[in-house]
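Enquirer: no sequence for this one, just the structure:
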């Protein structure tokens, strides 16, 4: 009986160890990134709605990493809207790194999130197939929607994208960092930029814009 218990514990240990091994984050696809511009692609959170011109998170990120960051944020866009811009606007720039921050409007407009995240996965893979490294920025603080963070985490894992979780965490709940009920102010965008910069720096290496 005692021997059987020991065997069962050993088996359980192997299973748990194996589960941990396969759960570890994989290599980020297309890292180190190829030469090309760094592009921030998204909706109003990328455009900088709520803050003075020149203080959006792409502006702040450029200052933090010492490299230009192009801003392709369009207020009000859903994931499907943004997907229609991928070829003509985004990939036409031949980017080396693309930072994707989308999904807030899909939540606010009560879109079918299964369909939205399927579309977001296609968008990420399309950009990766073109050679760019993708940074998936996750949301959890737009509305209290259960499981939203897990959707971004799963997407990043499945596509091997660099993942920055819960970008509005600690921002959304602080009045001094928000311009309105959804959008950060300049101070809030600085927090967002710092989080993305911290995740991005290890992958920059000798990366150069053409």
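Expert: Looks like it came in fine. In this text the structure is predicted, and so the values were computed from the model without any measurement.

Enquirer: so residue 62 lies in a helix, does it not?
Expert: Yes: residue state for residue 62 (DSSP: H, G, I helix; E, B strand; the rest coil) corresponds to a helix.

Enquirer: how far away is it from residue 88?
Expert: 24 Å (C-beta to C-beta, to the nearest Å). Yep, even glycine has a C-beta here, placed from its N, CA and C like the rest.

Enquirer: looking at the two, which one has more neighbours?
Expert: Taking neighbours as other C-beta atoms under 10 Å, residue 62 and residue 88 compare with residue 62 leading, 19 against 8.

Enquirer: OK, contacts around that one?
Expert: By C-beta atoms under 8 Å, 6 or more residues apart in numbering, the contact list for residue 62 reads 68-69.

Enquirer: ditto for residue 54
Expert: Per C-beta under 8 Å, 6+ apart, neighbours of residue 54: none.

Enquirer: if I look at it, what pLDDT would I see?
Expert: For residue 54, the model assigns a pLDDT of 97.

Enquirer: phi and psi next, for it.
Expert: Here is the backbone geometry of residue 54 (degrees, to the nearest 10): phi 90, psi 0.

Enquirer: ok, which stretches of this structure are strands?
Expert: 38-42, 69-73, 97-101, 133-137, 162-164 (DSSP state E).

Enquirer: out of these, the one nearest residue 151 is which?
Expert: strand 133-137 (10.3 Å; C-beta to C-beta).

Enquirer: so which elements touch that closest one?
Expert: strand 97-101, helix 113-129, helix 148-159, strand 162-164, helix 186-204 (3 or more C-beta pairs under 8 Å, 6 or more residues apart in numbering; DSSP states H and E).

Enquirer: show me what it is in contact with.
Expert: 28-33, 42, 96-101, 124, 127-128, 152, 155-156, 159, 161-164, 167, 196, 199-200, 203.

Enquirer: could you rerun that using 6 Å?
Expert: Contact partners of strand 133-137, identified using C-beta atoms under 6 Å, 6 or more residues apart in numbering, comprise 30-31, 33, 97-101, 124, 127-128, 156, 161-164, 167.
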